[in-house]
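J.: Next comes the sequence, and after it the predicted model I'd like to discuss.
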Amino acid sequence: MPQAAFRAIVSGRVQVVMYRDFTRRNARSLGIVGEVENLPDGTVRVVAEGEKEALEELERRMKKGSLFSRVNDVALAWQEPTGTFTSFSIRY
């Protein structure tokens, strides 16, 4: 069972710039499970569960963003993990 979890809303130029794929690749490389999806308002929602240190590293990487993105803000809230995810996926 994951030790920690967060939900985040990422704003800026984060849609149509490979941000979801960037987040999925980084999460998987860190052993994190969860999902990422574009929201209708132009932001990206991330739900991530895993080791606390890995989640903190993912947060750092999310703030930097993908090559063509421009991250203005990562509004992140820590929460209890649900244990329902088995991998990290893009939700369409």
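T.: That came in fine, so what should we check first? As the structure is a prediction and not an experimental result, all values here were calculated from the model. Numbering: from 1, shown residues only.

J.: residue contacts, E57?
T.: With CB atoms under 8 Å, 6 or more residues apart in numbering as the criterion, the residues that contact E57 are L30. Bear in mind the C-beta positions are built from the backbone N, C-alpha and C, glycine included.

J.: what about it, which SS state?
T.: With DSSP: H, G, I helix; E, B strand; the rest coil as the basis, E57 sits in helix.

J.: Low-confidence ranges, the protein, go.
T.: Across the chain, residues meeting the criterion (pLDDT under 70) sit at 1-2.

J.: Against Y19, how distant is R61?
T.: R61 sits 11 Å away from Y19, taking CB to CB, to the nearest Å as the criterion.

J.: Between these two, tell me which one has more neighbours.
T.: Per other CB atoms under 10 Å, whichever of R61 and Y19 has more neighbours is Y19, with 25 against 16.

J.: For that one, grab phi and psi.
T.: When quoted as degrees, to the nearest 10, the phi and psi of Y19 stand at phi -70, psi -40.

J.: How about T23?
T.: Listed backbone geometry of T23 is phi -70, psi -40, with angles given as degrees, to the nearest 10.

J.: Tell me who's in contact with it.
T.: With CB under 8 Å, 6+ apart as the criterion, the residues that contact T23 are 36, 44, 46, 58, 62.

J.: Can you give me the neighbour number for the first one?
T.: Burial of V36, expressed as a neighbour count using other CB under 10 Å, amounts to 23.
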